[in-house]
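In: here's a sequence, model it:
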Amino acid sequence: MSHSQLHPLQVNPATGEPYLRLGSPLENIILTPQRPSDVAYNVPILNNPDVVRWLEGLPYPYTPSHAESWVSSVIEESDAILRELREASAKDPEAPLKIVGGCPVRILREIKEDGSEVYLGDIAFRRCDYLHVAHEERLRLSEENARRQVGDPALVWCIGYYLASSHHGRGIMTMALRTLLSAWAILRMGVRRIRAEVFMGNIGSVRVFEKNGFVLDRTLEIESPNCLGEMMPGCYILWWEHP
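Out: Numbering: from 1, shown residues only. As a prediction, the model looks like this:
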């Protein structure tokens with residue numbers, strides 16, 4: 001396929017896999033599609049209390065069966081986006097860049113000096129489903145958001161991510177979010193509004209968002225369980241809007 005519709009992704013000449021490189025000083029970290037082999041790396045990270053304490057909605061303990069199902073679904077999503085881009089390129093190689101409903105690269109990998117790679121984590125955009133909003137209001141907002149077309153500036157997105165605890169505190173997720181926002185989300189998805197939810201106490205994630213232009217909107221003091229089954233006292237709501 002013409003690589004014009006992949007812009008600004010690069011393509012590994014040996015594997016044909018698209019990727020996006022993080023900015024300086026983290027050029028040794030790339031974002032790629034999910035791979036079937038990621039199951040083996042996914043499981044230990046998502047059984048680490050230091051990681052899953054700040055997550056919700058995932059099963060715990062996290063088994064290989066859970067990972068296989070999740071990895072398969074993510075591969076399907078990425079393949080669908082790449083197929084959409086391939087078809088657009090085949091139809092008209094000179095067409096403007098197509099706006100799509102997701103990003104085909106989301107898995108963080110560190111490239112070592114010997115060329116080997118280390119699986120670090122995952123970061124992805126999804127349509128906002130308004131967690132931690134009163135039930136009836138959540139249904140209304142979610143349904144309205146689901147009806148919006150890709151590229152609609154009123155469409156509200158959310159972000160989910162996790163990072164191996166071995167690489168916390170290095171600015172990796174801050175740079176990953178910055179790279180995805182500037183290189184893909186704004187340009188290739190038409191993202192204009194993002195709502196982020198962070199459990200109270202997770203100051204590191206609040207800083208990740210604030211360093212990328214998110215503004216703290218309010219604190220919801222409503223208890224809800226994390227993946228460990230611990231009751232968290234509430235969450236911070238942050239918003240980002242395209243200037």
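In: next SSE after the one helix or strand Met173 maps to?
Out: Here Met173 sits within helix 172-180, counting by DSSP states H and E. Per DSSP H and E, helix 172-180 leads on to helix 186-189 as the next helix or strand towards the C-terminus.
In: for that next one, list the C-alpha coordinates in CSV.
Out: Taking Å, rounded to 0.1, in the frame of the first residue of the first chain, the C-alpha atoms of helix 186-189 are listed here in CSV:
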residue,chain,number,x,y,z
ILE,A,186,-5.5,15.7,16.4
LEU,A,187,-4.4,15.1,12.8
ARG,A,188,-5.8,11.6,12.0
MET,A,189,-8.7,11.2,14.4
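In: what does the helix or strand just after that helix contact?
Out: Downstream of helix 186-189, the first helix or strand assigned by DSSP H and E is strand 193-199. With contacts defined as Cβ atoms under 8 Å, 6 or more residues apart in numbering, strand 193-199 is touched by 54, 56, 125, 128, 130-132, 153-159, 205-206, 209, 214, 226, 232, 234-242. To be clear about C-beta, it is placed using only N, CA and C from the backbone, and glycine gets the same treatment.
In: among these, which ones are buried?
Out: 54, 56, 125, 128, 130-131, 155-159, 205-206, 209, 214, 226, 232, 235-240 (16 or more other Cβ atoms under 10 Å).
In: so Tyr161 makes contact with Met173?
Out: Yes. Tyr161 is in contact with Met173 according to Cβ atoms under 8 Å; the separation is 6.1 Å.
In: what separates Leu141 from Cys128, distance-wise?
Out: 8 Å (Cβ to Cβ, to the nearest Å).
In: now Gly201
Out: In terms of Cβ to Cβ, Gly201 sits 22 Å off from Cys128.
In: could you list the low-pLDDT ranges of the protein?
Out: 1-3 (pLDDT under 70).
In: now the strands for it?
Out: 10-11, 18-21, 29-32, 107-111, 117-127, 156-163, 193-199, 215-220, 224-225, 231-232, 235-241 (DSSP state E).
In: which among those strands is found nearest to Ser69?
Out: strand 117-127 (14.6 Å; Cβ to Cβ).
In: and the nearest residue to Glu230 once chain neighbours are set aside, how far is that from Asn47?
Out: Using Cβ to Cβ, 6 or more residues apart in numbering and skipping residues adjacent in sequence, the residue nearest Glu230 is Arg53, 7.0 Å away. Separation of Arg53 from Asn47 (Cβ to Cβ): 12 Å.
In: quick one: contacts for Asp79?
Out: Pro33, Pro104 are the contacts of Asp79 under Cβ under 8 Å, 6+ apart.
In: how close does it get to Asn12?
Out: 16 Å.
In: pull out the buried residues from the top helix by length along the chain.
Out: Criterion DSSP state H: the longest helix present in the chain is helix 64-91. Neighbour-count burial for helix 64-91, counted by 16+ other Cβ under 10 Å, picks out 66-67, 70-71, 74, 77-78, 81-82, 84-85, 88-89.
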